[in-house]
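Visitor: quick one, structure for this:
(chains A and B)
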Amino acid sequence: MSGTTDADVLLRVRQVEQFYDRRIRILGPVDLDVRDGEFLSLVGPSGCGKSTLLRIVAGLLEPTAGRIDVGGVALAGVNRQAAMVFQSFALFPWMSVVENVALGLEARGMAPLERLKRAEKYIDLVGLSGYERAFPKELSRGMKQLVGLARALALEPELLCMDEPFSALDVLTARAMRDLVLDLWKSPEVKTKSILLVTHSIEEAVALSDRVVVLRANPGRIAEVVDLADLPRPRRPGAAAVSEVVDRMYGLLA
Amino acid sequence: MAALAGLTALAFFASASLRPHDAPALELRPALLPAYLALSLLRLAAAYALALLAALAIGHAAARSVAARRVILPVLDVLQSVPILGFFPVAVAFFIRVTAGSALGVEAAAVFLIFTCMFWNLAFGVYESLATLPEDIALAARQLGLRGASRWSRLVLPAVFPNLVYNSLLSWANGFYFLIASEIIAVGPARYTLPGLGSYLAQSVVAGRYEQTAAALLCLVAVTAAMHLLVWGPLETYAERFHFDESGDRPQVPRVARVLMRSRLVRALIGRVVVPGSEAAFRFAGRALDAVASRRALQAVLVLPLVALGVLAARHAWRTFAEAPLSPALAGLPVDLVLSLLRVGFGVGASALLAVPLAALVASRPAWRGPSLAVIQIAASVPAAAFFPLIVALVARGLGLEGAALLLSLTTMFWYVLFNVMGAAAAIPREMNEAARSLGLSRLGRLRHVFLPAVLPGLVTGCLTAWGAGWNAMILCEYLVVDGRTYAVRGIGAALDRATYETADPQVIAASLALMIAMIVGVNRAFWAPLYQRVTTRYKLDA
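Guide: Down below sits the predicted model:
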């Protein structure tokens, strides 16, 4: 990780380990920096601890050992600089779309009118305007995940954490959502500029990321960090340069 | 309505035509406890086997055909809301008369009574899991050509298995709870006592020999605890493989069971006995159910006897009311009903107010869930009569009869609410809690936005069940006999008890039962059903 200065680093993972039942090591030790403004992906087979690592970064899970530094301060409890998008959407079925999106803002004590405005802005940005009063069960899976995305972005976090956000969706919807996430990431309307994505799809990681962390299973460890900053965008699947990187990463995991 | 009328008429079987019969007193030597326990367990097991078979056949029939559903669901619904204890005299009279008072008849009556407190939740559980079976799975089974016995053993039994394990545990707890009522059978002048743990408990209480009550209670707690460790824990672990959804945490296996799972002996037991055993059992049960649960067999077993019974009961009802002068005690029943209604309402409210904070406390400490569930399940199966001495002591300290009746009814009703709320809390997906925390909700915010809405369906179900159980509790709690003294408050339960045990007045028995059923069914239809509908559509956890 040469060439990184402190100013560029949003969050540091240091010697993080996770054990199951105090005996079985499932992750680590892991060292990783998440840089300011980058799109970073964690890929690896199931059981490599990528979702565990993501939950540790989001402060939802306390590591057995090691620490997370956010802006030079050790993380304790939920990471307020981060917001999370879940694989299963985790929407609150008893709340409408706008209530779901505004919930985190309400929890942060934002005034009702202001949080309504903010929620509507992000609902609009993900393309769901008109559905504000709908309930999650009335939406398609893709639309549910758009709500999940809007809910996370509305908090305007430094870091957007996404746990397999597209894997419960069909291929076409997933592709549309990937494009949307990239558009939002580049859009001046969206404050969040760093994204940490967990996926089991190497193609997805290569299509989206600046850097890809490849993890190996049993216990989960970083096999390699692949820098894709020089790979030009947009990265069409099947393009020679893209295929080459994808093949190399499959090689790393074989 | 027809079912209601038929049931009311059935009550008239409790006529005074039984000859006086005195039960010989049970020997209360503690050394005999293991034998009594074994007899009680045999009765429970026989009743459970019958209840399981009937629940599978009937629940499956209801899920499979719309026509069957239209008949079965309303009948089950009314029958399960009938206070079981109120029908004990009826059922007993029926069995004893059919078998001319032989010992076998009394045993059959007891097994039937235990059956009635084990059956309903099992049947609804089977229906529920089959009705919510993912459509793709049912389609796949059909496409693969599963039919008859193999459909039972490969699709139906695995699909209902987790629900069945959970409900079996409740059924057994219920069976233990009503053990006393089913082993001491009294109708008017006729008294029968079956040797068993329940009759031992009851007799020792009546005789005021509390150290023997304590010994019997200890026995009961030990058996319940052993069943949790050796039966329900392993079965619940095993049941995990039959869940359909793959995401989210399921309710955790109780910790004791998890510790046991690590031991080599138990793992070997599961690997060598439970797994192959259950596969063989599924195959066997599949063949048996295919034979038993065919439409023709069901018609023969259910429809014909029910119709015959209805006709017989109606004739009997006519005779009781039309050919005898009306009993003066009938006039007081409406007031009795209102008094009991107030008590039940208080019990439901108090149970909810106690259960929700307790469940929230347990939910905030996941490590407590396993142990507390085990403790609650054991506590819930302690028969109410075992609390009698304690209550009497409290009455002597100035609690008042009314307070004693309320407290005692709480021991019946509270558990239902707590169970259901805790179950709902355990079903909250982990990601939902994580989402709330990651959104920065405070403890209070999580309670308000996640916990309370998520447990609301469970709370309503629990209150509904407690409401039904509360009427049973009234029959138990409004009229107590402890140490030779009778403690009674005014209410419909006490009126029923008095008519059963003192005056043998069939008109009051019938009228009080009919009033109770009308009240329960009416309030269920007008209040609980719409409430449940609203709560489950809005607060269901499957966005």
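
Visitor: quick one, strands of the chain?
Guide: Unless you meant another one, I'm taking chain A. Counting by DSSP state E, the segments of chain A that form strands are A:9-20, A:24-35, A:39-43, A:65-70, A:73-74, A:82-85, A:159-163, A:194-199, A:211-216, A:221-227.

Visitor: wait, chain B
Guide: For chain B, strands defined by DSSP E occupy the ranges B:184-187, B:190-193, B:479-482, B:485-488.

Visitor: so for B:Arg538, which of those sits nearest?
Guide: With C-beta to C-beta as the measure, strand B:479-482 is the member of those nearest B:Arg538 (41.2 Å). In this view, the C-beta of every residue, glycine as well, is placed from N, C-alpha and C.

Visitor: could you dump that closest one to PDB, C-alpha only?
Guide: Backbone C-alpha positions of strand B:479-482 (Å, rounded to 0.1, in the frame of the first residue of the first chain) are rendered in PDB as follows:
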ATOM      1  CA  TYR B 479     -63.600 -22.400  42.800                       C
ATOM      2  CA  LEU B 480     -60.800 -24.000  44.800                       C
ATOM      3  CA  VAL B 481     -60.900 -26.900  47.200                       C
ATOM      4  CA  VAL B 482     -57.800 -27.000  49.400                       C
END
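
Visitor: pull up the residues of the stretch 301-450 of chain B that are close to chain A.
Guide: For the stretch 301-450 of chain B, the residues in contact with chain A under the definition C-beta under 8 Å from any C-beta of the partner chain are B:429, B:431-432, B:434-442, B:445, B:449-450.

Visitor: which parts of the stretch 51-200 of chain A are helices?
Guide: For the stretch 51-200 of chain A, helices defined by DSSP state H, counting those that start in this stretch occupy the ranges A:97-107, A:112-125, A:141-153, A:171-186.

Visitor: relative to A:Val212, which of those is closest?
Guide: A:Val212 lies closest, by C-beta to C-beta, to one member of these: helix A:171-186, at 14.6 Å.

Visitor: what's the average pLDDT for the closest one?
Guide: Taken as a whole, helix A:171-186 carries a mean pLDDT of 94.

Visitor: so what's the residue count around B:Glu434?
Guide: By the measure other C-beta atoms under 10 Å in any protein chain shown, the count of residues near B:Glu434 is 19.

Visitor: distance of the nearest residue to it once chain neighbours are set aside from B:Leu139?
Guide: Setting aside the residues directly before and after it, B:Glu434 is nearest to A:Leu60 in space (C-beta to C-beta, 6 or more residues apart in numbering or on different chains), at 4.8 Å. Using C-beta to C-beta, to the nearest Å, one obtains 38 Å as the distance from A:Leu60 to B:Leu139.

Visitor: so the two - more neighbours on which side?
Guide: The residue with more neighbours, out of A:Leu60 and B:Leu139 and counting by other C-beta under 10 Å, is A:Leu60; that gives 21 against 10.

Visitor: what about the stretch 151-300 of chain B, any weak spots by pLDDT?
Guide: For the stretch 151-300 of chain B, applying pLDDT under 70 flags the ranges B:186-190, B:241, B:243-270, B:293, B:295-296, B:298-300.

Visitor: can you give me the helices for it?
Guide: B:157-177, B:179-183, B:197-206, B:210-227, B:233-239, B:255-262, B:264-269, B:275-292, B:295-298.

Visitor: the closest residue to B:Val481 other than its chain neighbours: neighbouring residues, count only.
Guide: Counting by C-beta to C-beta, 6+ apart, B:Val481 lies nearest to B:Val206, which is 6.3 Å off, once chain neighbours are set aside. Using other C-beta under 10 Å, B:Val206 has 18 other residues around it.

Visitor: list the buried residues of the helix or strand of chain A with the lowest mean pLDDT.
Guide: Ranked by mean pLDDT, DSSP states H and E, the helix or strand of chain A with the weakest confidence is helix A:97-107, at a mean of 89. Buried positions in helix A:97-107, judged by neighbour count with 16 or more other C-beta atoms under 10 Å in any protein chain shown: A:97-107.

Visitor: of those residues, which pair is most distant in space?
Guide: Counting by C-beta to C-beta, the most remote pair of the buried residues of helix A:97-107 is A:Val97 and A:Ala107, 17.2 Å apart.

Visitor: list the residues that contact A:Val206.
Guide: A:212, A:228, A:231, A:235, A:242, A:245-246, A:249 (C-beta atoms under 8 Å, 6 or more residues apart in numbering or on different chains).

Visitor: mind putting those residues into a markdown table with neighbour count?
Guide: Written out in a markdown table, the entries for those read as follows (neighbours: other C-beta atoms under 10 Å in any protein chain shown):
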| residue | neighbour count |
| --- | --- |
| A:Val212 | 25 |
| A:Leu228 | 21 |
| A:Leu231 | 17 |
| A:Arg235 | 19 |
| A:Val242 | 19 |
| A:Val245 | 19 |
| A:Val246 | 19 |
| A:Met249 | 20 |
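
Visitor: near chain B, which residues of chain A are found?
Guide: If contacts are counted using C-beta under 8 Å from any C-beta, the residues of chain A sitting beside chain B are A:55, A:58-60, A:78-80, A:82-84, A:86-95, A:103-104, A:106-108, A:135-137, A:144, A:151, A:155.

Visitor: ok, of these, which come out buried?
Guide: A:55, A:58-60, A:78-79, A:82-84, A:86-95, A:103-104, A:106-107, A:135-136, A:144, A:151, A:155.

Visitor: I'd say B:Ile72 and B:Ala61 touch.
Guide: Yes - in this structure, B:Ile72 sits in contact with B:Ala61. The criterion is C-beta atoms under 8 Å, and the distance is 6.4 Å.

Visitor: re earlier: wait, isn't the residue nearest to B:Glu434 in contact with A:Met84?
Guide: Yes - using C-beta under 8 Å, A:Leu60 is in contact with A:Met84, at 7.3 Å.

Visitor: re earlier: B:Ile72 and B:Ala61: who's more crowded?
Guide: For B:Ile72 against B:Ala61, the residue with the higher neighbour count under other C-beta under 10 Å is B:Ala61, and the figures read 24 against 20.

Visitor: how about stretch A:215-234: buried residues?
Guide: With burial defined by 16+ other C-beta under 10 Å, the residues of stretch A:215-234 counted as buried are A:215-217, A:219-223, A:226, A:228, A:231.

Visitor: dump the residue contacts of the spatially closest residue to B:Ser153 that is not a sequence neighbour.
Guide: Leaving aside its sequence neighbours, B:Ser153 sits nearest to B:Gly286 (C-beta to C-beta, 6+ apart; 3.0 Å). B:Gly286 is in contact with B:149-154, B:157, counting by C-beta under 8 Å, 6+ apart.
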